[in-house]
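Asks: Next comes the sequence, and after it the predicted model I'd like to discuss.
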Amino acid sequence: MWSGRTALRQLQRIALAPSGVTGGATAKMQREMSTLQRVYVTRQIPPEGLKILQESGQVQFELWDSDDVPVPRKELLQKVKGADGLLCVLTEKIDAELLDAAGPNLKVISTMSVGYDHLFLQELKKRGIRVGYTPDVLTDAVAELTVALLLTTSRRLVEATHEAKTGGWGTWRTLWLCGYELANSTVGILGLGRIGVAIAERLAPFKVKKFIYTDVAPRPELAGAINAEYVSLDELAKQSDFLTVCCALTPETREICNESLFSKMKKTSIFINTSRGGVVNQEDLYQALSTGQIAAAGLDVTVPEPLPTNHPLFTLNNCVILPHIASASYTTRNAMSALAANNLLLGLRGQPMIKELKL
Amino acid sequence: MKVFITRRIPQEGMKILSAAGVCKVSQWDSDEPVPRTELLRGVQGAHGLLCLLSDKVDAEVLDAAGPNLKVISTMSVGFDHLALDEIKKRGIRVGYTPDVLTDATAELTVALLLATARRLPEGVEEVKSGGWSSWKPLWLCGYGLSGSTVGIIGLGRIGMAIAQRLMPFGVKRLLYSGRSAKPHAADVNGEFVPLDALVSESDFVVVSCSLTPETQGLCNKAFFSKMKNTAVFINTSRGAVVNQEDLYEALTGGQIAAAGLDVTTPEPLPTNHPLLTLKNCVIIPHIGSATYSTRGVMSALTAQNLLGGLQGSDMPSELIL
C-alpha cells in the first residue's frame, strides 16, 4: 500500500521525541529557552524540517500541529505576536495585518514553497524582513508531474480508467479513446524559468518537433539549453500543439490565459497549467473547452483552491483537475521542509540563506 | 477486383484505396465489429480482405471467400486472430502493421507509469468527491523517477523507446533483462542483468516483452515478493504475462506500492474484477497505440499492404508465413 501517513507519523514521532520544546520544561530549561529565538511554524511540515529546528539549539518553536488543516487566521495572528521568525506554507497570507500583529521582532519569513504570491513583498521590504523560499529542490518533481498531467490529458487516461471500471470497454475499436501524440508536435512554454526548462528536457525524447516560448523578454541561456525559439504570446497560442504555463503569478500574468489566448489556439491543442490558478480565466477556459476551441486541458492549480465540487469545469470530459500536487513526492517535500528550516535558522543568525528571495 | 473491409477505418486508408482505382470496395461501415454472418456473406468472391484483430479469419471464412482471395491485410501488429496454417496452405499473402505504433505505445507506457507513480487518478477522484480541502505537505505524495532505478523486461523496439523517454527524468540506473544483451542498450546506459536482480533492485518495473511460453505467467507471487515494497509495476505488453491473483495479493499486502496495466486477462476485464477496486492499481483498456495519427498511419499501411497483395507486388509490411 502507499506508505504515506502511518510511516511518516512514526518518523515524526522519532524526530520530535527527545523533548517537547513547547511543554513540560523545567525552570532551568525555561531560562535557557528565553534566550532562544522564537519561531512559529504554521503547519506540521515534513519530519526533516522539524528535526532541523529541534536539533538546532537555536530556536524555541510553536507549531500548528496539523498536516491537513491550515492554521485559522485568528490563531495565526495571536501566535505570531513577538515572533522572531515565521515558517509558513502557501496557504497563509503574509500581509500588513499579520506583520503588524507580529511586531518589530520579526526578522525572517521562510516559506516552504517556490511561489511567493502569498507574501506581500512591499510590506516585508518596508520592514526590513528577509524572505527564504524553496526553488530548485522541487523543480524535478514539478516538471515530472507536469509531464504526467500533460500525458494523462493528451492520452485521455482519466476517461480510460473510467471506461475500464464502468463497462465501456468492449471490443477493440479503431478510433476509440484516441488522443494526440507528442511526436512531431510543437510545444509552447508560457514563462521560461527553471521549471519550464525541466519540462522541455523531459518532453524532448518523445520526438517533439519544436519548442517555442514566450516571456517578458528573451531568455537566451535557458532557451539555448532546450533549443527553444522566442515568440510573442499570440504566436505561442497559434503554433502550439501543447501549451504549458510555467510563469509566476504577478499583476502582469494574472488571467493572461483568457478568451483572447484560447481563441487563437488550435482546435486540437492541449492546455496545461501547473503554475498558479490566477493565471487562467476559468470562465473563458470553460467556454473554450466546451465549444471545442481547444481539445483538452489539465490543471494542477485553480481559483480557488480547493475548487468547489460543483464548478462547471468538472462537468467536462476533456478537463483534468488535480489538487495542487506538483511537488508531492516524499523526497521532495522533505527536501523543501529541510530547506525552509535551514533558510529560517540562517536568516535568524544574520547569515546568508541557502535560497533567499531578493526583495 | 473485389475487396471486403470488415469495419469503418480511418480515412487515410480509404483514400489510398480509392485513389488506386483497382478495386471495388464493399465495407461493414460501422465502429462495431461485423457480425459473423455478414462477414461470411461479404467475403464471397473477394480478392482481398482488410480486417481487424476482432475478426477471426479461419477455414470457414476462407472457404466462404473462395479461390479469388489472394491477400489478407490486418490493421494490427498482432496476428493471433489469423489461422496462419490455413492461409499459407491456400497461398494467400498477409500484411500487418509493426513499427508504426512504437512511439504511441512507448508514450502511453510512460504516461501510465507517471500516472501510477504520482497517483493522478486518485488525485482526480479526491478533487471530484470533495476530498480536496487545502494544500497539505504530505497528502498524495508519490514516488518520483529522480534518482531511481528502472528495470525494463524486454528491451525490444518498444522497450528501448520507453527507456529513451525516461532518461531525462533523472533515472540513476537503467536495468534490463531478456534472452540476450542488446547492443543498442548502450544508448540508454542500459545494464543487462538477470531477471532476479532487476526485480529486486528496481524502483520501477516495466514489462515490455512479447508473450511466449517462457513469459506466460512470469509475473507471479515469487516475482512480486522479490520486489521492493516501494516499487511500481507497469505492464503494457500482454495480459497473460501477469498472474492477476498474485498481483492482487501483492498490492493489498503491501508487497509493492502500486501497479499500472494497459493489458489484462481477459480483455475487456469484467467490471467486478478485484483489481478494479484498488486505489493503487490503475487499469486502462488497451489503448497503447490509440492516437489519431498512429491509427491513421496504421490505416494507410494496411491499405498499402492490401494493394501490394492485390497487384502481386511488394507489401510495405508483409508477414512471412
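Replies: Happy to help now that I have it. Numbers count the residues shown, from 1 in each chain, chains lettered A, B, ... in the order given.

Asks: mind listing the strands for the stretch 201-350 of chain A?
Replies: Counting by DSSP state E, counting those that start in this stretch, the stretch 201-350 of chain A has these strands, from start to end: A:210-214, A:228-230, A:242-245, A:270-273, A:296-299, A:319-321.

Asks: right, and the ones you listed - which one's nearest chain B?
Replies: Distances from chain B to each of the strands of the stretch 201-350 of chain A were compared by C-beta to the nearest C-beta, and the smallest falls on strand A:319-321, at 5.1 Å. (Each C-beta comes from the backbone N, C-alpha and C, glycine too.)

Asks: how about the strands in the stretch 201-321 of chain B?
Replies: Counting by DSSP E, counting those that start in this stretch, the segments of the stretch 201-321 of chain B that form strands are B:204-207, B:232-235, B:258-261, B:281-283.

Asks: show me where pLDDT drops low in the stretch 201-350 of chain A?
Replies: Within the stretch 201-350 of chain A, the set of residues satisfying pLDDT under 70 is empty.

Asks: Three-state assignment for the nearest residue to residue B:193 once chain neighbours are set aside, please.
Replies: With C-beta to C-beta, 6 or more residues apart in numbering or on different chains as the criterion, residue B:193 has its nearest non-adjacent residue at 5.0 Å, and that residue is residue B:175. Taken by DSSP: H, G, I helix; E, B strand; the rest coil, the conformation at residue B:175 corresponds to strand.

Asks: Looks like residue B:175 contacts residue B:153 (just checking).
Replies: No. Under the criterion of C-beta atoms under 8 Å, residue B:175 is not in contact with residue B:153, lying 9.4 Å apart.

Asks: and for these two, which residues touch both?
Replies: In terms of C-beta atoms under 8 Å, 6 or more residues apart in numbering or on different chains, residue B:175 and residue B:153 are both contacted by the residues residue B:198.

Asks: quick check, stretch A:148-157 touching chain B?
Replies: Yes. Judged by C-beta under 8 Å from any C-beta of the partner chain, stretch A:148-157 comes into contact with chain B through A:148-149, A:151-152, A:154-157.

Asks: Which pair in those residues has the greatest spatial separation?
Replies: A:148 and A:156 (13.9 Å; C-beta to C-beta).

Asks: the more surrounded of these two?
Replies: The residue with more neighbours, out of residue A:148 and residue A:156 and counting by other C-beta atoms under 10 Å in any protein chain shown, is residue A:148; that gives 32 against 26.

Asks: picking up where we left off before, mind putting the strands of the stretch 201-321 of chain B into CSV with distance to chain A and mean neighbour count?
Replies: Converted to CSV, the strands of the stretch 201-321 of chain B look like this (distance: least, C-beta to the nearest C-beta, whole Å; neighbours: other C-beta atoms under 10 Å in any protein chain shown):
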stretch, distance to chain A, mean neighbour count
strand B:204-207, 12, 24
strand B:232-235, 11, 27
strand B:258-261, 7, 25
strand B:281-283, 5, 24
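
Asks: Make a markdown table out of those and add mean pLDDT and distance to residue A:142.
Replies: As requested, the strands of the stretch 201-321 of chain B are arranged in a markdown table below (pLDDT from 0 to 100; distance: least, C-beta to C-beta, whole Å):
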| stretch | mean pLDDT | distance to residue A:142 |
| --- | --- | --- |
| strand B:204-207 | 98 | 19 |
| strand B:232-235 | 98 | 19 |
| strand B:258-261 | 98 | 21 |
| strand B:281-283 | 98 | 21 |
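
Asks: The ones you listed into a markdown table, with extra columns for distance to residue B:28?
Replies: Output for the strands of the stretch 201-321 of chain B, formatted as a markdown table (distance: least, C-beta to C-beta, whole Å):
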| stretch | distance to residue B:28 |
| --- | --- |
| strand B:204-207 | 35 |
| strand B:232-235 | 32 |
| strand B:258-261 | 31 |
| strand B:281-283 | 30 |
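
Asks: Compare those and give me the one nearest residue B:125.
Replies: strand B:281-283 (11.5 Å).

Asks: on contacts alone, who are the packing partners of the closest one?
Replies: Here strand B:281-283 touches helix A:157-166, helix B:102-117, strand B:258-261, going by 3 or more C-beta pairs under 8 Å, 6 or more residues apart in numbering or on different chains; DSSP states H and E.

Asks: What is the burial count for the nearest residue to residue B:267 once chain neighbours are set aside?
Replies: Leaving aside its sequence neighbours, residue B:267 sits nearest to residue B:286 (C-beta to C-beta, 6+ apart; 5.6 Å). The criterion is other C-beta under 10 Å. On that basis, residue B:286 has 24 neighbouring residues.

Asks: likewise residue B:184?
Replies: The local packing count at residue B:184 equals 12, with neighbours defined by other C-beta under 10 Å.

Asks: quick check, it in a helix?
Replies: Yes. Membership of residue B:184 in a helix is supported by three-state DSSP.

Asks: Give me the spatial nearest neighbour of it, chain neighbours excluded.
Replies: residue B:160 (6.0 Å).
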